[in-house]
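In: With the sequence up front, the predicted model follows.
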Amino acid sequence: MNLDNLKLKLRQTGQEHLLDFWDNLNDQERASLYKDLEKINFEEVNRFFARCQEQKGSEGKLDDILEPLPRELCGSILQTPEEQIKKYEKAGLVQISNGKVAVLLLAGGQGTRLGVNYPKGMYNVQLPSGKTLYQLQAERILKLEELSEKVTGKTASIPWYIMTSEATKEPTQVFFDKHDYFGLQKKNVVIFEQHTLPCMTFDGKILLEKQYKIAQAPDGNGGLYRALGTSNILEDMDARGIKHVHAYCVDNILVKLADPVFFGFCMEKGADCGAKVVQKASPTEAVGVVCKVNGHYQVVEYSEITTKTAERRNADGSLTFSAGNICNHYFTVDFLKAIVREHEDDLIHHVAKKKIPTIDNNGQPIKPTIPNGMKMEKFVFDVFAFARNFAVWDVIREDEFSPLKNAEGASKDTPTTSRLSLYRLHKKFVENAGGRFQLSNEKVNGKTNGHVEENEVSSNGSDNEDTPVIEVSPLVSYAGEGLREHVEGKTFIPPLTITMTTKGNILVKGQISSN
């Protein structure tokens, strides 16, 4: 322990206050603080802070430099002929069966807003199966591997790279070990950790959480690119022969991992970077939009444009800036290499003003009631600006996007809205395969038979309706395929579950109407 060198480094970078309580600490606490301080590149942190301050000075509305996306970059699942969608799908499945596709999950977030102290991916939204977000996603990967083999006759795996944070890495690893990786091969689930950055005061001083502990936070989902480099993930992808990557956030219960249609579309466009989007529900919906700013592709937050621009419409009445960002992206491995090796330092940090637990001048703990500091975060989509060939695929919100962000009682994005979104999608699967439902209004024990009563607005905009309980295992169907022989011509009285047994048999569990 070279305390003199550390003191000099802190003095030179204006952070000498971090040792103010050194004399109060015992040996174990000193060792802990020293270890934390040794890991921090103070010159780099100060540079990040200075760039954030420069950005703050240039903040303002972007209306005058905003451009809509060029039509030639965009595709829509609703406006594309079924034959062409099938071609996209086959092209994507061929790449999967050739071992060229990987999935990259952004899973650094805790379930704090959900009222739990474990990773969001471990959350159970109370489906009949009791499956967590992690399990649903793992089983979609397994099903895709099966579907790709049926197309080409070749067996291949889809590696799943899971970026965690300091807080979520160990519990995530333990969870996957406990559940035997949900049927995936352990070698194909690669769990790695993003970096952290110190939390700062508004005048650039690093905050202490305790007398012997630095206040730190993950560096945002855009910390992905630094972590890809330092964790040797790109080298691992190269060794496996991966060429195409799907990146997404853990909290979307409807996410279509490695969607072969999306991959096929992006490949036909020759894209090195692509984004899935949904149409904004309203001009003022609080969601970022994918567009162009000063000639570069970018996600612009709703707070960065005026209401007048948000409400701007095309000649056909559609919103000009309508491409809602859902954190669902396509990258080539070559593009990721270029970002990591050439552009990672060009990605700016965004400031998140937060109420950060800290200590006062006497070393006593403080729980602030108003923001007292800032976290510096990069955003995963800021790499759009470096795309040479960008593509945007517009999908149906009700089919592909229902995020889980808030605890029960909030107005949207809750466990209930996520669960009901999945029920509605699976009802659509069954109906498209020729099944029907008899929805009874009869009350049983105060509840509608086979329904969940919804009293809050859901993520897809519906409210005050009864939603039948219908769950189709991802092991049975990825996107509604493979159900016809089990449901066609039958009328079911919910609840209905369609699952796969351990022997690989499909089990349809639900009452069939005699009418």
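Out: Yep, it's here. Here the structure is a predicted model, which is why all the values come from computation and not from measurement.
In: Please count neighbours and contacts with C-alpha atoms only from this point.
Out: Noted.
In: Would you map the helices across the stretch 351-500 of the chain?
Out: For the stretch 351-500 of the chain, the helices defined by DSSP state H, counting those that start in this stretch cover 397-400, 415-432, 484-487.
In: helices or strands next to the longest one in the packing?
Out: Using 3 or more Cα pairs under 8 Å, 6 or more residues apart in numbering; DSSP states H and E as the contact criterion, the elements in contact with helix 415-432 are helix 397-400, strand 466-468, strand 470-472.
In: picking that back up, tell me which of the helices of the stretch 351-500 of the chain sits nearest to Asn294.
Out: Proximity to Asn294 (Cα to Cα) singles out helix 397-400 among those, at 28.6 Å.
In: For that closest one, which outside residues touch it?
Out: Helix 397-400 has contacts (Cα atoms under 8 Å, 6 or more residues apart in numbering) with Leu254, Val255, Lys256, Val278, Gln279, Ser421, Leu425, Asn460.
In: Closest one to Thr499 out of those residues, please.
Out: Thr499 lies nearest to Leu425 out of these, by Cα to Cα, at 15.6 Å.
In: how about the nearest residue to the closest one, chain neighbours excluded?
Out: For Leu425, ignoring the flanking residues on the chain, the nearest one in space by Cα to Cα, 6 or more residues apart in numbering is Asp399 at 6.1 Å.
In: what's the answer for Gly373, then?
Out: Spatially, and ignoring its direct neighbours in sequence, Gly373 is nearest to Thr201 (4.4 Å; Cα to Cα, 6+ apart).
In: mind listing what that neighbour touches?
Out: With contact set as Cα under 8 Å, 6+ apart, Thr201 has these partners: Leu207, Asn372, Gly373, Met374.
In: Report pLDDT for it.
Out: Listed pLDDT for Thr201 reads 96.
In: Tell me how far it lies from Thr358.
Out: Thr201 is 10 Å from Thr358, where distance means Cα to Cα, to the nearest Å.
In: any idea which helix is longest in the protein?
Out: Using DSSP state H to define each element, the chain has its longest helix at helix 133-152.
In: could you say what helices and strands that helix packs with?
Out: On a contact count with 3+ Cα pairs under 8 Å, 6+ apart, helix 133-152 meets helix 82-97.
In: buried residues in the helix it packs on?
Out: Ile85, Lys87, Tyr88, Glu89, Lys90, Ala91, Gly92, Leu93, Val94, Gln95, Ile96, Ser97 (16 or more other Cα atoms under 10 Å).
In: Tell me the helix or strand right after that helix.
Out: Counting by DSSP states H and E, the next helix or strand C-terminal to helix 82-97 is strand 101-106.
In: Tell me which residues are up against that next one.
Out: Residues outside strand 101-106 that contact it (Cα under 8 Å, 6+ apart) are 95, 158-164, 221, 224, 242-250, 257-258.
In: how about the nearest residue to Glu301 once chain neighbours are set aside, phi and psi?
Out: The shortest distance from Glu301 to any non-neighbouring residue, by Cα to Cα, 6+ apart, is to Gly288 (4.1 Å). With angles defined as degrees, to the nearest 10, Gly288 sits at phi -70, psi 150.
In: which residues sit in contact with Gly288?
Out: Gly288 touches Val299, Val300, Glu301, Tyr302, Gly324, Asn325, counting by Cα under 8 Å, 6+ apart.
In: Could you identify which of the residues you listed has the most neighbours?
Out: Per-residue neighbour counts (other Cα atoms under 10 Å) across these peak at Gly324, which has 26 neighbours.
In: so it sits in a strand?
Out: Yes: assessed by DSSP: H, G, I helix; E, B strand; the rest coil, Gly324 belongs to a strand.
In: How about it: what's its closest non-neighbour residue?
Out: Nearest non-adjacent residue to Gly324 (Cα to Cα, 6+ apart): Val289, at 4.6 Å.
In: beta partners of the one you found?
Out: Bridge pairing for Val289 (DSSP bridges) gives the partners Val300, Gly324.
In: Contact partners for it?
Out: Each residue near Val289 by Cα under 8 Å, 6+ apart is listed here: Val299, Val300, Glu301, Tyr302, Phe321, Ser322, Ala323, Gly324, Asn325.
In: Check Tyr330 too.
Out: His244, Val245, His246, Ala247, Phe263, Cys266, Asp272, Cys273, Gly274, Ala275.
In: Would you mind listing where this structure has pLDDT under the threshold?
Out: 57-60, 440-465, 515 (pLDDT under 70).
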